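In: generate coordinates for the sequence data below:
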Amino acid sequence: MTGRVLITGGAGFIGSRLARRLHEAGQQVRILDALVPQVHGASPQLPDWLTASGEVRVGDVRDRDVVAAALDDVVAVVHLAAETGPAQSMYEIERYVGANVQGTAVVLQAVLERRDRVRRLVVASSRAVYGEGKYLCAACGPVVPDQRRDERLKAGQWDPTCPRCGGALTPVATDEECAPKPTSIYAVTKLAQEQMAVAFGRAYGIPTAALRYQNVYGGGQSLTNPYVGVLAIFTARIKSGKGLQVYEDGRIQRDFVHVDDVVAATQLALTAPLADAHVLNVGSGRPVSIHEVANELCRTLGARDVAIDVTGQYRAGDIRHCYADLTQAGRVLGYAPQVSLAGGLRELCAAAEHAPIADKLDDASAELTRLGLLR
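Out: Sure thing, here's the model as predicted:
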């Protein structure tokens with residue numbers, strides 16, 4: 001692609017790796033990032049290569065003038081800027097809606113005014129939009145269950161049941177045709193982001209990709225933010241000499257995808273021959289239980305004596321199982337994950353040796369408990 005790419009949220013975990021990948025490939029890159037202290041710390045330290053480019057701009061995507069200036073001479077936009085964390089979104093509602101929905105509206109409005117030059121739009125969505133995702137009922141076939149009821153969770157009945165017959169369900173890979181059923185404010189805002197982008201792209205003929213990232217992990221993820229991915233939280237706990245807490249019965253399943261695979265998919269979305277707007281899963285396509293990945297992380301860090309406490313607690317809005325069907329991403333983008341979980345964990349643990357660490361999970365859990373969101 002000839003011309004400059006704007007990456008909003010470009011100093012963050014995914015954005016900085018994408019920026020480096022594009023920069024090394026000879027692509028002109030501009031970064032716009034608010035450098036939120038919860039993510040970057042009170043005194044953000046950006047990589048030398050990033051600041052040396054002279055194309056890092058500090059500002060909020062809700063600021064029209066800042067966004068307009070950042071879009072000068074830009075031919076493509078990767079919109080990653082967002083507040084992340086389903087749990088925190090349930091009590092920081094205005095903050096999440098403002099950053100994610102209003103911020104996206106400002107970006108799209110600015111792109112509209114430059115639609116003669118902006119030739120590609122990529123927006124980061126999330127697996128959270130699915131809610132529970134797709135399951136198979138022996139009697140009813142494929143179904144998408146409703147959010148789990150509090151009375152069942154209190155009784156330790158963790159798995160969702162068939163919404164038609166009430167029978168047992170088996171989780172299967174969730175494809176993009178699965179009806180979204182968001183269960184958190186965060187998920188609602190991510191669904192709004194992708195729907196706004198898709199509607200906009202189709203209306204103005206701008207090829208658009210909304211990428212539903214699964215559980216992204218890897219070196220460079222904040223080890224001081226208690227609302228980021230569970231692997232970063234676990235790493236901070238272990239490195240701080242503390243035990244791990246696993247909710248429910250520990251058998252919750254997630255699709256863990258390494259950041260390098262996510263960056264590869266996002267780069268493909270900038271260059272693949274998109275004729276329309278697409279919503280695509282980006283993940284590993286493999287479900288792994290939280291208890292299993294906690295054990296694997298302990299082994300990788302050489303911390304075999306770390307206690308793993310299966311608490312029986314649950315968080316309001318949490319889902320049970322969800323993993324991605326990657327058929328469409330393979331067909332449209334040519335995407336296929338390359339990083340194994342074992343290899344990704346080794347990279348995460350090596351990076352953690354040189355990263356700032358502050359375990360704040362206990363404080364975050366206390367706040368969720370106070371608000372009745374951790375039960």
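
In: in the stretch 51-200 of the chain, where is pLDDT below threshold?
Out: Applying pLDDT under 70 to the stretch 51-200 of the chain flags residues 51-54.

In: in it, which spans are strands?
Out: Along the stretch 51-200 of the chain, the stretches classed as strands by DSSP state E, counting those that start in this stretch are 56-58, 74-79, 120-126, 135-137, 141-143, 169-171.

In: direction-wise, compare the second one with strand 120-126 and give the angle.
Out: So the one you mean is strand 74-79. Between strand 74-79 and strand 120-126, the angle formed by their directions is 10 degrees, by axes from the mean of the first three to the mean of the last three C-alpha atoms, to 10 degrees.

In: before we move on, the earlier item: and the strands of the stretch 51-200 of the chain, which is most packed in?
Out: Here the criterion is mean neighbour count by mean count of other C-beta atoms under 10 Å, and of the strands of the stretch 51-200 of the chain the winner is strand 120-126, at a mean of 26. Any C-beta I mention is one placed from the backbone N, CA and C, and that applies to glycine too.

In: who does that one pair up with?
Out: strand 74-79 (parallel), strand 208-213 (parallel) (DSSP bridges).

In: for these, give me a markdown table that also has distance to residue 223.
Out: Output for those, formatted as a markdown table (distance: least, C-beta to C-beta, whole Å):
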| stretch | distance to residue 223 |
| --- | --- |
| strand 74-79 | 24 |
| strand 208-213 | 19 |
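
In: of these, which is nearest residue 177?
Out: Of all these, strand 208-213 sits nearest to residue 177, with 12.2 Å by C-beta to C-beta.

In: could you give the mean pLDDT of that closest one?
Out: The average pLDDT for strand 208-213 rounds to 98.

In: off-centre distance for that strand?
Out: Relative to the mean C-alpha coordinate of its chain, strand 208-213 is positioned 11 Å out (C-alpha atoms, centre = their mean, to the nearest Å).

In: which residues does residue 303 contact?
Out: Listed by C-beta atoms under 8 Å, 6 or more residues apart in numbering, the contact partners of residue 303 are residue 238.

In: quick one: secondary structure of it?
Out: Of the three states, residue 303 takes coil under DSSP: H, G, I helix; E, B strand; the rest coil.

In: SS state for residue 309?
Out: Relying on three-state DSSP, one would call residue 309 strand.

In: what is the burial count for it?
Out: 11 (other C-beta atoms under 10 Å).

In: that one is in contact with residue 237, isn't it?
Out: No - checked against C-beta atoms under 8 Å, the pair residue 309 and residue 237 is beyond contact range at 10.8 Å.

In: please identify every residue contacting each of the two.
Out: 243-244.

In: do you know the pLDDT at residue 227?
Out: Looking at residue 227, its pLDDT stands at 88.

In: just to revisit the earlier point, do you know which of the strands of the stretch 51-200 of the chain lies nearest residue 152?
Out: Taking C-beta to C-beta, strand 169-171 is the member of the strands of the stretch 51-200 of the chain nearest to residue 152, at 13.0 Å.

In: what packs against that closest one?
Out: Where contact means 3 or more C-beta pairs under 8 Å, 6 or more residues apart in numbering; DSSP states H and E, strand 169-171 is packed against strand 135-137.

In: report all helices and strands that the strand it packs on contacts.
Out: In terms of contacts (3+ C-beta pairs under 8 Å, 6+ apart), strand 135-137 is packed against strand 141-143, strand 169-171.

In: paired strands for that strand, with orientation please.
Out: Strand pairing for strand 135-137, determined by DSSP bridges: strand 141-143 (antiparallel), strand 169-171 (antiparallel).

In: what's it in contact with?
Out: So strand 135-137 is contacted by 142-145, 160, 162, 164-165, 167-172, 321 (C-beta under 8 Å, 6+ apart).

In: let's see that with 10 Å instead.
Out: Residues outside strand 135-137 that contact it (C-beta atoms under 10 Å, 6 or more residues apart in numbering): 141-145, 159-172, 174, 178, 320-322.

In: and the residues you listed, which are buried?
Out: Buried members of the contacts of strand 135-137, scored by 16 or more other C-beta atoms under 10 Å, are 143-145, 159-162, 169, 171-172, 174, 178, 320-322.
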